[in-house]
Structures are given as C-alpha cells and as structure tokens.
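> Starting from these lines, generate the structure:
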Amino acid sequence: MKWLFLLLLIGNLVIFGWGFQREQSADTTTLAFPAALGDLRLLSEAGTIPTSVQLPSQDLLVGETIIENIPQGPAAENEEPTVVVEIMQENESDSEERQEQAVVPKKTVTMSCGAFGPLEYGSRARSILGKLLQADIKALLRSETRKKTIGYWVIIPPLESQAVAIKMVKELGAQGVKDIRRFLRGDRKNGISLGVFSKQGNAEKRQQELTDKGQPTEVQPGYIDAPLYWVDYRAEEILSEKMSRQLLEQYPKLKLEIYSCSSIVTPSGIF
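Got it, this is the predicted structure:
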C-alpha cells in the first residue's frame, strides 16, 4: 500500500509539471508577421507610453481615420511607432458655395402713402381710421382748422353813430322792410342786418329788393373756425389699392391724395 501511494503521488507530480511547462511555452509563442510591419510590442513591454502625438505635415490626408506610421528597414526595430492624425481640410470654393446658398434674397416691398379726406365730421374720420387699422394698415388721424362759411349776411355797413343806426332802422321799418337787426358790438357795431341766408343766391335776391327801394346794401359771408379731418396711412401698395377701392365706393364724396411716404406729417411724426 505504501508503494502504491508513492507511485500515485509521483505520477501526479509528473502530470502537473508537464502541464505547467506547456502553459509557459504557449505564453511565449511568437506570431509571425511580415517584416514590413516592424517590431510590434505590447504596451506593457514598451516600458513607458508616449504622451505626445506627432503630426507630420506631409502625411495630412482628408478624412477622419487614424493610421499608424510603421518605420521600414533595420532601424525600425528600435523606433517607437508614430501616430498620425488626419485633419479635415475644407475646400474654400465649397465653403463659398454653401454661403451663397444660405443667403436668401430679400423680397422687395413697395410702400404706398396717402390721405383720405377732407372730412368735416370726426365720427366719419374715426370710422375710416378703424377700417384701415383692422386691415393691418398703419394709419393716423390728423386735424386742421379752416374757415367755414356758415351763411351770407345782407347788411348796411356800420354807420357814424348809434343814433344814426337807430334812425335808419325806423326808416326801413316804415318802408315795410322786415327782419331788421342792429349790430350792438364787434366789427359791425352800428351796422344793420337785413337777413342771413344759407345760400348766396338768396342773399343776392334780398339785396336786389332793397336796392329797388333805394337802400344800398352789401352781401358778406359769415365764417367760423371749424376742424377738418384727414386720415393718413402707410401700407404695402397692393393692400392700399384694395382698401382705397373699398372706401371710395362706400364714401363717394371721399377724396384720396397720394403723397410721398417721407412727406406725410402727423402729430406723431413723419411716416
């Protein structure tokens, strides 16, 4: 039994030694590579790892591939492998072409400016202003003062004194003239009014009646300061033409004056 045990122990030691030697020979097996590839070593065998990367200008290529520059010849055994990084080089003509394609030509817009008016009533002017604003047209309300004729007076110009004026009123009344008034103040003080007429023709007829009775008279218009409204606008030409047609059809007496866009003066400035 003792000898059998010894034989088994020796056999196990022999098998273990044979297997261990085989593993060591497999780790040191050298693969055969073409000589042009140079000396290939593991990083652990190189000792130190290069920290710098060499970028030779003569090896620059277009692309993104990283290649290894393998030295040739006998000296290659002692040289470290050199890594070359390719750099993208953009063609200038391609860059300019892309820039030209990226530039979008601007649309030329023709602007039109003008004013609707003249309008005597502010309510009508504000209505037109609202229609323009609803159509996304820039518009402003502008007012100005003008002399408005409110009627025509048939008068006897101011006399020398109040006493003379009173005497004239009595004489005209005795002749059957009606609608007689004496001016008590103002520029026509001591003058005599013989009627106010809305139409000039009616005033001239009254003047002729008094002339036939031997009394010279004058026909003078009466004025007041009254506001006058305009609606100034600025819009694209196509849009302004469309709105102009609509407004002129809706308001037949409305007038449209076309201005240069730099000449329309409004309370808020120049369009």
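
> need the contact list for Thr110.
236-237 (C-beta atoms under 8 Å, 6 or more residues apart in numbering). Quick note: C-beta positions are derived from backbone N, CA and C, even for glycine.

> oh, and call the first residue 32 from now on, that's how I've got it
New numbering, starting at 32: the last item is Thr141.

> Not including adjacent chain positions, what is the nearest residue to Glu191?
Closest residue to Glu191 apart from its sequence neighbours, by C-beta to C-beta, 6 or more residues apart in numbering: Asn221 at 7.6 Å.

> Am I right that that neighbour is in a helix?
No - according to DSSP: H, G, I helix; E, B strand; the rest coil, Asn221 belongs to no helix; its state is coil.

> where's it relative to Lys198, distance?
Remark: distance between Asn221 and Lys198 (C-beta to C-beta, to the nearest Å) = 11 Å.

> now do Tyr264
61 Å.

> ok, these two, which is more surrounded?
Tyr264 (27 against 12; other C-beta atoms under 10 Å).

> Backbone dihedrals for that one, please?
For Tyr264, the backbone dihedrals are phi -140, psi 160 (criterion: degrees, to the nearest 10).

> Can you give me the distance of it to Asp210?
48 Å.

> can you check Ala194 too?
22 Å.

> Lys220 against Pro189, yeah?
Yes - at 6.0 Å, Lys220 and Pro189 qualify as touching, with contact defined as C-beta atoms under 8 Å.

> More neighbours: which of these two?
Neighbour count, other C-beta under 10 Å: between Lys220 and Pro189, Pro189 has more, with 16 against 13.

> residues in contact with the more buried one?
Pro189 touches 196, 214, 219-222, counting by C-beta under 8 Å, 6+ apart.

> how about a cut-off of 7 Å?
Pro189 is in contact with 219-222, counting by C-beta atoms under 7 Å, 6 or more residues apart in numbering.

> Over to Thr180?
Listed by C-beta under 7 Å, 6+ apart, the contact set of Thr180 reads 252-254.

> how about 10 Å then?
229, 231, 252-255, 257 (C-beta atoms under 10 Å, 6 or more residues apart in numbering).

> check contacts around the nearest residue to Val227 once chain neighbours are set aside.
Nearest residue to Val227 in three dimensions, chain neighbours excluded: Gly182, at 4.8 Å (C-beta to C-beta, 6+ apart). Residues in contact with Gly182, defined by C-beta under 10 Å, 6+ apart, are 226-231, 233-234, 251-255.

> Fine by me, thanks again.
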